[in-house]
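Asks: need the 3D shape of this:
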Amino acid sequence: MKLETLKQNLQAVLGDKLVKLSEHVGQIVVEISPVHWLEAARTLRDHPDLRFEQLTDLCGVDYSTYGDGRWQGPRFCTVVHLLSVSNNCRVRVKIFAADDDFPVLDSVTDIWPVANWFEREAFDMFGIIFTGHPDLRRILCDYGFIGHPFRKDFPLSGNVEMRYDPEQRRVIYQPVSIEPRELTPRIVREENYGG
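Replies: Prediction:
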């Protein structure tokens, strides 16, 4: 009953800002158009029927290989989990970036300040740009790092490796020295195994 009420409230309040509304494992999932994301975020927080005061998680997703490559939609998505303490309910919000080559979404740090480091992580790992973010820079990778390691097309061994060179007395970058190889598991059994 509670989920049905939440569905109705979300549809009534968000209206045409909603691209899609569904239910997955007992939680409401809404997809918001990227052009309406900032306005919808304020509404989700401030409207008395919703009051999602807390952002509990925000992460990036690369859909390029989703469904064994059958995915036909935009490549990059930001997934936001919101909690309403007042109404004792949660909602998952998806916002797909319109441009696969240069994914850009509005920052919600002014609405939920906790989004700051989450957005920095999504930028660092996936390359999603958050316009209006007060300090959008890498948070996990070093500043000289090239690429975004959670993208599906990022090489498994990386592009460069770094090490400390005692002769130069500094950290240096060099091409990856690991040779790509395919591991095929070998099964070894004793002759009388199981018998």
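
Asks: other residues contacting stretch 32-47?
Replies: Defining contact as Cβ atoms under 8 Å, 6 or more residues apart in numbering, one finds that stretch 32-47 is touched by 13-14, 16-19, 50-53, 82, 91, 93-98, 105-106, 108, 111-112. C-beta coordinates here come from the backbone N, C-alpha and C atoms, glycine included.

Asks: and the residues you listed, which are buried?
Replies: Among these, those classed as buried by 16 or more other Cβ atoms under 10 Å are 13-14, 17-18, 50-52, 82, 91, 93-97, 105-106, 108, 111-112.

Asks: excluding its backbone neighbours, what's nearest residue 126?
Replies: Setting aside the residues directly before and after it, residue 126 is nearest to residue 60 in space (Cβ to Cβ, 6 or more residues apart in numbering), at 3.5 Å.

Asks: residue 55 too?
Replies: residue 112 (3.7 Å).

Asks: swap in residue 116?
Replies: residue 109 (5.0 Å).

Asks: same check on residue 121?
Replies: residue 139 (5.4 Å).

Asks: my read: that neighbour touches residue 124, true?
Replies: Yes: if you go by Cβ atoms under 8 Å, residue 139 and residue 124 touch, sitting 5.2 Å apart.
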